[in-house]
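[1] 3D model of this:
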Amino acid sequence: MQWAKNDSRSTYRWLGWMLCLGIGWRVLRWSLGMPMWGDEVMLALNFLDRSWDGWLQPLDMGQVAPPLFMLLHGTLMQISGYSEWILRLPALVFGIAALLLFARFAYDVVEQRSALCAVAVLAVAYYSVRHGSEFKPYALDLLLAVGLLFAGHRFRCNPFGRWQISGLVLVIVLAPLCSFPSVFVTAGVITGLLADALVKRERYRLYLTLGIVVLAIIMVVTQYTVIIVPQAQASELLKTLWQGGFPPGNGFGFLGWFVAQSAGRLMAYPLGGRHFGSVLTLLLVCVGAISLYRTRQWFLLWIILMPFAGNVVAAALHWYPYGQSARIAQHLAPSICLLAGVGVVTALSGRPKKWVHRRLVWVLCGLSVIGLGGMAEVMARPYKSRGDLSARDLIQQTLPALDCRTLQVVNTVDTVPVNFRWYLAIDSATRFGVDPFEALEYKDEPVCLLLFDAKRDPDTANRLEHALKKISASQQLIRDEVQTAYIYGGTHHPHQVRSIVVSGG
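    Below you'll find the model as predicted:
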């Protein structure tokens, strides 16, 4: 595909291709119905024994989620069930909407080539694609961040337009109810609008902006007092997991920590990792920021950099981590991708025009390879870990194939590893904490017994062994196997499950 500088059709063809690639990758991951993994499961288990008012209460297992996320998914589960496709459908919609809205925002604020590169980076960014098909609120964090940036920019262009005012007010009201880290983006947008109104010295613009600032402050205070404070217990648990995202106390240590965190998973767009694995993206982001500074795009630079500053301050106060993981920093993804896109074009500028155009095509081809490779990888490995897959297969395929209609778990429910607990709990025929002697007396159909982590509960394991020795002569031991699954359930230790099937008498 040839690049013609004076023909925007080439740019839009590339844009269409990258958007289709990004959307296709997201839809593919969702359509595969990959097994739920530990972090998803621990959130999903909070929905099983709660009504709508319970969804708004502090969650178990160290989980936190914004209220509108809980209400939406709880309602969807009650209507449509608990399949992986249903649980992850909202994330898919949020992720695709964020990508499309980001494309509109990028083309509004920077020139076409920079916007195209920025959209291409977000389209094939692994973490944004992954969280766009997971049962967690991270895709909503991304959508709200893009929505705030776009609404703030449109309001600045026309502060007295009906749609611009209503759009900004709506997103400011919804943001704290849908996304915890959106407060950093909100702070950047409203302070940028306020500074812009003060510089322009337009009375009515200033009054209107002050009204929006007051509304934003009210919503942030409401978020903190009504939503965050009641979940303080879970927040304290999360802080222990987030220690790496909080800076050390001394100045030199802080600087080293900041650079290391910024060059780690935080900047993994489109790819990257820990231990300076994303240093190239960080350099491009710095080049992009310098370019916007030199072209005096003060407002844009302010609203996309202030979320970083706010996040660092929150990390210093041990309120919210900075840079520990890309998933809890999706609110920074629009800023990173936009600056990286500007940085790519800036780094290539100053060369012969034909050389620049050819290199841009190469960059886009490279990003396309990342997207196509990601699609091939997820088709070859449609699960986060093999332990997640084995947990689902055992409960939903292997045992039902042996005509096991009721799964009877010898352990109490709170000692069952979370992945197994989820797939067992959504089956109404599952019984927990059963007495193996009583279970084996039922002879009208095959009896299925499950024992988890026998070494951690030797008394229960011994009781099961005694019960098996007393099965009647008319019963036959069809299955007695022990499997080891490495799954996430608060720890990464292996879990063992013993599955026993005895025929009816």
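[2] How about the secondary structure of Leu450?
    Under the three-state scheme (DSSP: H, G, I helix; E, B strand; the rest coil), Leu450 adopts strand.
[3] do you know how far the residue lying closest to it once chain neighbours are set aside is from Thr460?
    Among residues not flanking Leu450 along the chain, Val409 sits closest, at 4.8 Å (C-beta to C-beta, 6 or more residues apart in numbering). C-betas here are computed from N, CA, C, even on glycine. For Val409, the distance to Thr460 equals 10 Å [C-beta to C-beta, to the nearest Å].
[4] quick revisit: residues touching the residue nearest to Leu450, list them.
    Taking C-beta atoms under 8 Å, 6 or more residues apart in numbering as the criterion, Val409 is in contact with 416, 424, 430-434, 449-452.
[5] coming back round to it: identify the contacts common to Val409 and Thr460.
    With contacts taken as C-beta under 8 Å, 6+ apart, the residues that reach both Val409 and Thr460 are Leu451.
[6] Would you mind checking the contacts of Val409 for buried ones?
    When burial is judged by neighbour count using 16 or more other C-beta atoms under 10 Å, the buried members of those are 416, 424, 430, 432, 434, 449-452.
[7] Give me the below-cutoff pLDDT ranges for the protein.
    For the chain, the stretches flagged by pLDDT under 70 are 1-7, 232-237, 350-356, 442-443, 472-474, 487-492, 505.
[8] domain parsing for it?
    Following automatic domain parsing, one gets these domains for the chain: 8-249+352-380, 386-502.
[9] Would you format those domains as a markdown table with distance to Cys337 included?
    Listed next are these as a markdown table, based on distance: least, C-beta to C-beta, whole Å:
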| stretch | distance to Cys337 |
| --- | --- |
| domain 8-249+352-380 | 4 |
| domain 386-502 | 28 |
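[10] Would you mind finding the most buried of the ones you listed?
    The highest average neighbour count among the domains of the chain, using mean count of other C-beta atoms under 10 Å, belongs to domain 8-249+352-380 at a mean of 19.
[11] what distance separates it from the centre of its chain?
    Taking C-alpha atoms, centre = their mean, to the nearest Å, one finds domain 8-249+352-380 lying 9 Å from the centre of the chain it belongs to.
[12] how long is that domain from one end to the other?
    End-to-end span of domain 8-249+352-380 (C-alpha to C-alpha, to the nearest Å): 37 Å.
[13] Could you check stretch 269-281 and say which residues are buried?
    For stretch 269-281, the neighbour count (16+ other C-beta under 10 Å) marks 269-272, 274, 278-279, 281 as buried.
[14] what does stretch 249-257 give?
    By neighbour count, and taking 16+ other C-beta under 10 Å as the criterion, the buried residues in stretch 249-257 are Trp257.
[15] Number the chain from 695, please
    That works, and once the first residue is 695, the last one we named lands at stretch 943-951.
[16] residues in contact with it?
    Identification of contacts with stretch 943-951 by C-beta under 8 Å, 6+ apart yields 941-942.
[17] for stretch 1113-1130, same thing?
    Applying C-beta under 8 Å, 6+ apart, the set of residues contacting stretch 1113-1130 from outside is 729-732, 735, 738-739, 742, 776, 1081-1082, 1085-1086, 1088-1090, 1099-1107, 1110, 1143-1144, 1146, 1157-1158, 1161-1162, 1179, 1181-1183, 1189, 1191.
[18] Do a quick rundown of the strands in the protein.
    Secondary structure of the chain (DSSP state E): strands located at 1101-1103, 1125-1126, 1141-1146, 1171-1180, 1188-1196.
[19] Present these as TSV; the columns should include distance to Leu836.
    Conversion of the strands of the chain to TSV gives the following (distance: least, C-beta to C-beta, whole Å):
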stretch	distance to Leu836
strand 1101-1103	38
strand 1125-1126	37
strand 1141-1146	36
strand 1171-1180	29
strand 1188-1196	32
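[20] And these: which comes nearest Phe829?
    strand 1171-1180 (19.7 Å; C-beta to C-beta).
[21] Output that closest one in PDB, but only the C-alpha positions, please.
    Once non-C-alpha atoms are left out, strand 1171-1180 reads as follows in PDB (Å, rounded to 0.1, in the frame of the first residue of the first chain):
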ATOM      1  CA  LEU A1171     -14.900 -47.900  41.100                       C
ATOM      2  CA  ILE A1172     -15.000 -46.300  37.700                       C
ATOM      3  CA  ARG A1173     -12.500 -43.500  38.200                       C
ATOM      4  CA  ASP A1174     -10.000 -42.600  40.900                       C
ATOM      5  CA  GLU A1175      -7.500 -40.000  39.600                       C
ATOM      6  CA  VAL A1176      -5.400 -37.200  41.100                       C
ATOM      7  CA  GLN A1177      -4.700 -34.100  39.000                       C
ATOM      8  CA  THR A1178      -2.400 -31.200  39.700                       C
ATOM      9  CA  ALA A1179      -3.300 -27.800  38.500                       C
ATOM     10  CA  TYR A1180      -1.300 -24.600  38.800                       C
END
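[22] Against which helices or strands is that strand packed?
    Of the remaining helices and strands, those touching strand 1171-1180 by 3 or more C-beta pairs under 8 Å, 6 or more residues apart in numbering; DSSP states H and E are helix 1080-1087, strand 1188-1196.
[23] how far is it from where the chain is centred?
    The chain centroid and the centroid of strand 1171-1180 are separated by 33 Å under C-alpha atoms, centre = their mean.
[24] contacts for it?
    In this structure, residues lying in contact with strand 1171-1180 by C-beta under 8 Å, 6+ apart are 1079-1081, 1084-1085, 1088, 1096, 1111, 1113, 1140, 1162, 1165, 1186-1197.
[25] try it again with 7 Å
    Outside of strand 1171-1180, the residues that reach it under the criterion C-beta atoms under 7 Å, 6 or more residues apart in numbering are 1079, 1081, 1084-1085, 1088, 1096, 1140, 1186, 1188-1197.
[26] what's the answer for stretch 900-916, then?
    Residues from elsewhere that reach stretch 900-916 (C-beta under 7 Å, 6+ apart): 853, 862-863, 866-867, 870, 877, 880, 884, 887-888, 891-892.
[27] coming back round to it: of all the helices and strands packed on strand 1171-1180, which lies closest to Ala809?
    Taking C-beta to C-beta as the criterion, helix 1080-1087 is the member of those that comes nearest to Ala809, at 37.7 Å.
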